[in-house]
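>>> structure of the sequence below:
(one chain, ligands or ions: 2)
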Amino acid sequence: AELHDPADRRYRYPFINCVDCGPRFTIIQALPYDRVNTSMDRFGLCPECAREYHDPADRRFHAEPNACPVCGPRLRLLGEQGVVVAEGEAALQHARALLRDGAIVAVKGLGGYHLACDAFNAQAVARLRERKQRPHKALAVMLPDLATVNRYFQPSAQEVEELVSPARPIVVLDGVLSPLVSPDTRDTGVFLPYTPLHHLLLEGFEALVMTSGNRLEEPIAQDEAQALKLLQQGIAGAVLAHDRSVLHRCDDSVLRVVEGDLCFLRRSRGYVPAPLRLAADSPVVLATGSDLKNTFCLVVRGQAYLSQHIGDLADHATYAFFESEIDRWLELLRVTPALVAHDPHPAYLSSRYASRLDGIPLVSVQHHHAHVASVMAEHDLKGPVIGVALDGTGYGEEGSVWGGEFLLADRCHFERLGHLPLYPLPGGEKAIEEPWRMAAAICRLEDIEWTGLAGRYEDVVRLLTAGINCPLTSSAGRLFDAAAALLGLCEEAGYEAQGAIRLEAAADLSVRRRYSYELRDSSEVTGLKALDFGPAFAAMVSEARKGVAVSELAAAFHNTIVAGCAELATRLAQERGLGEVVLSGGVFQNRLVLTRLSKELRERGLAVYTNNKVPTNDGGLALGQAAVAVARWQAGELPCV
Ligand code: ZN
Ligand code: FE
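Ligands and ions are numbered 1, 2, ... in the order given. Prediction:
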């Protein structure tokens, strides 16, 4: 109301806040949360703002970032070499004019820079994709208000509740605003303005693409120097900056509502650093997470603080962010870790970081046990449970590559009871980026005639025959990759899980039939059960050759994986006399797999638990690692600290 009231002293001021809203985590230098400990320290309060700040009856009483046009932060539009082109309202108007002309503008928000452009300007979106080297991956769009959201989408009451919540996450809604925004999917990541600046910027626009201001896997631009790099690299045409510093980078959170439950794809701004309770008490535990979609976790007196999204540690700037952010969280919470939990993968940078912390006992937590434990922690389950981890890859016992595991798990330990079929990964990591390799490996092993890729197929056969660089994997993600490649949906992935995402989008939801599969004893490890989807792949390829619609084949493939996993999980639960099944791992971002498998298991009388507070992908792994460390400490298995 103040923003739009010409008589108000904060009329059109982009940094309005009160004690209930505005930045907090992203501007904190140290605790306690007082203005001197924030990046608002450099702005002296004017007499009017000081009066509000000190008046217990005022809604701005001790609102630490309190500001007004007289004393607070100011907008600036930066052109080349950081030259100030315009300030204040003029900077805003200039940026809006550029956006109307189809330019890409880097806009400073709460936790870093966004790259913005008009979502309905096809050339602008195409240019943004080209410059960001992101040809297909979905982009998030910010719409000015709920009325506009309702014009393009049909959000449920619960989706609306999330869209307008103070956290203002990106909510993935059914429907496509424009194929340029989400070319691979039938849904769109939508969010509403969450700062006054966004409200002003969106005036007169139906939708702006607002994607994180970075290149490839780099962390988002935090300050003007980093934003100017986006300008110099030709990604942004101008920089809409201001002089309130971002002290903690924080990406937007992304979630989806699935049959009444929240599914986080990324838990970051708006939710961090709110803790989750693990136990009544505990030593200080640092869990270093995964190398992909990294978050870390600090447990203090039984409360688990999961960090904001850090990203993929293979990027050196992201790794530097990981190290410095851990230090700053330890400083903020004024703690030193007594235990460090980590993934056993010896090549993970997050594991190597853990092993370099001198003198602190290490707790190694197997990747899929950590996934399952993250759900157990969320729902306060003690176990034992049957844990179904459907994942990309994770380090298994004796260095094998796991990714489709059926575990008997409690909070401390696990036993592997079954797994998905083992297939070679021709070329190792390369097979993840090139789903056709996986398709070729499966066809050769299952004796399926595939005419997909004449020349390249022979290369893979040579690798397989020689057994060079072909580690076996039980990965669930790779099965979906292979199916996508076999159906001609994705031979080379432009981004993580592109094949699986296209396969899910292709599936006709009305198709209920499935292919046959087999449940047998594991060929690799005695005493384990393994699923065999060989007959399913063969039937699918033969139907494809006969011209059956891809939408039907994609659905039948999903249904087959679901049926196999449901049967194996149910059988194991019966054998062990257990009634609780936990589902976790990156593959459960696939809504079809998540909903159909949950339903099948519930219909067989089992209680099903999934991730609703942290991501089911590796972004939630650190919580599981922390939960296992705390449980082992409680059980007296760790040195008394
Ligand atoms: Zn003031
Ligand atoms: Fe994982």
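>>> rest of the way, CA atoms for contacts and neighbours
Fine.
>>> distance between stretch 23-40 and the chain's centre?
In terms of Cα atoms, centre = their mean, to the nearest Å, the centre of stretch 23-40 is found 26 Å from the chain centre.
>>> do that stretch and ligand 1 meet at all?
No: Stretch 23-40 lies out of reach of ligand 1 by Cα under 5 Å from the ion, never closer than 12.0 Å.
>>> quick check: mean pLDDT of that stretch?
The average of the pLDDT scores along stretch 23-40 is 95.
>>> buried residues in that stretch?
Applying a neighbour-count criterion of 16 or more other Cα atoms under 10 Å, one finds 23-30, 34-36, 38-40 buried in stretch 23-40.
>>> just the CA coordinates of it, formatted as PDB?
Extracted in PDB, the C-alpha atoms of stretch 23-40 (Å, rounded to 0.1, in the frame of the first residue of the first chain):
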ATOM      1  CA  PRO A  23      15.700  -9.400   3.900                       C
ATOM      2  CA  ARG A  24      17.200 -11.200   6.800                       C
ATOM      3  CA  PHE A  25      19.400 -14.200   6.300                       C
ATOM      4  CA  THR A  26      21.100 -12.600   3.200                       C
ATOM      5  CA  ILE A  27      22.200  -9.500   5.000                       C
ATOM      6  CA  ILE A  28      23.500 -11.000   8.200                       C
ATOM      7  CA  GLN A  29      27.100 -10.600   9.000                       C
ATOM      8  CA  ALA A  30      27.000 -11.900  12.600                       C
ATOM      9  CA  LEU A  31      24.500 -12.600  15.400                       C
ATOM     10  CA  PRO A  32      22.600 -11.200  17.200                       C
ATOM     11  CA  TYR A  33      20.400 -10.000  14.400                       C
ATOM     12  CA  ASP A  34      21.000  -6.200  15.000                       C
ATOM     13  CA  ARG A  35      21.500  -3.600  12.400                       C
ATOM     14  CA  VAL A  36      25.200  -3.200  13.200                       C
ATOM     15  CA  ASN A  37      25.600  -6.800  12.300                       C
ATOM     16  CA  THR A  38      24.000  -6.500   8.900                       C
ATOM     17  CA  SER A  39      24.900  -5.000   5.600                       C
ATOM     18  CA  MET A  40      22.400  -2.100   6.500                       C
END
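>>> put the alpha carbons of stretch 416-425 into PDB.
Only the C-alpha atoms of stretch 416-425 are listed here, as PDB (Å, rounded to 0.1, in the frame of the first residue of the first chain):
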ATOM      1  CA  ARG A 416      21.100 -54.000   1.200                       C
ATOM      2  CA  LEU A 417      18.300 -56.400   0.300                       C
ATOM      3  CA  GLY A 418      17.700 -55.900  -3.400                       C
ATOM      4  CA  HIS A 419      18.600 -53.700  -6.400                       C
ATOM      5  CA  LEU A 420      17.600 -52.700  -9.900                       C
ATOM      6  CA  PRO A 421      19.200 -54.600 -12.800                       C
ATOM      7  CA  LEU A 422      23.000 -54.100 -13.300                       C
ATOM      8  CA  TYR A 423      24.100 -52.700 -16.600                       C
ATOM      9  CA  PRO A 424      27.500 -51.500 -17.700                       C
ATOM     10  CA  LEU A 425      28.000 -47.800 -18.100                       C
END
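>>> rebuild the buried residues of stretch 23-40 as CSV, extending it with secondary structure.
Below are the buried residues of stretch 23-40 laid out as CSV (DSSP: H, G, I helix; E, B strand; the rest coil):
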residue, secondary structure
23, coil
24, coil
25, helix
26, helix
27, helix
28, strand
29, coil
30, coil
34, coil
35, helix
36, helix
38, strand
39, coil
40, coil
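>>> of all those residues, which comes closest to residue 167?
residue 23 (10.9 Å; Cα to Cα).
>>> hang on, isn't that closest one packed against residue 110?
Yes: applying Cα atoms under 8 Å as the test, residue 23 and residue 110 come out as touching, 6.3 Å apart.
>>> thinking again about what came up before, and of the buried residues of stretch 23-40, the nearest to ligand 1?
When those are ranked by distance to ligand 1 (Cα to the ion), residue 40 comes first, at 12.0 Å.
>>> now do the contacts for the spatially closest residue to the closest one that is not a sequence neighbour.
Excluding the flanking residues, the one nearest residue 40 by Cα to Cα, 6 or more residues apart in numbering is residue 65, at 5.9 Å. Shown in contact with residue 65 (Cα atoms under 8 Å, 6 or more residues apart in numbering): 17-18, 22-23, 35, 40.
>>> checking residue 505 next. Helix, strand or coil?
Under three-state DSSP, residue 505 falls in the helix class.
>>> ok, the nearest residue to it once chain neighbours are set aside - contacts?
In space, and not counting its chain neighbours, residue 505 is closest to residue 185: 5.3 Å by Cα to Cα, 6+ apart. Applying Cα under 8 Å, 6+ apart to residue 185 gives the contacts 138, 176, 501-502, 505.
>>> circling back: part of a strand, is the residue nearest to residue 40?
No: counting by three-state DSSP, residue 65 is not found in a strand; it is coil.
>>> report pLDDT for it.
Looking at residue 65, the pLDDT reads 96.
>>> relative to residue 479, how far out is it?
Separation of residue 65 from residue 479 (Cα to Cα, to the nearest Å): 50 Å.
>>> what's the answer for residue 545, then?
Distance of residue 545 to residue 479, computed by Cα to Cα: 19 Å.
>>> so those two - more neighbours on which side?
residue 479 (25 against 12; other Cα atoms under 10 Å).
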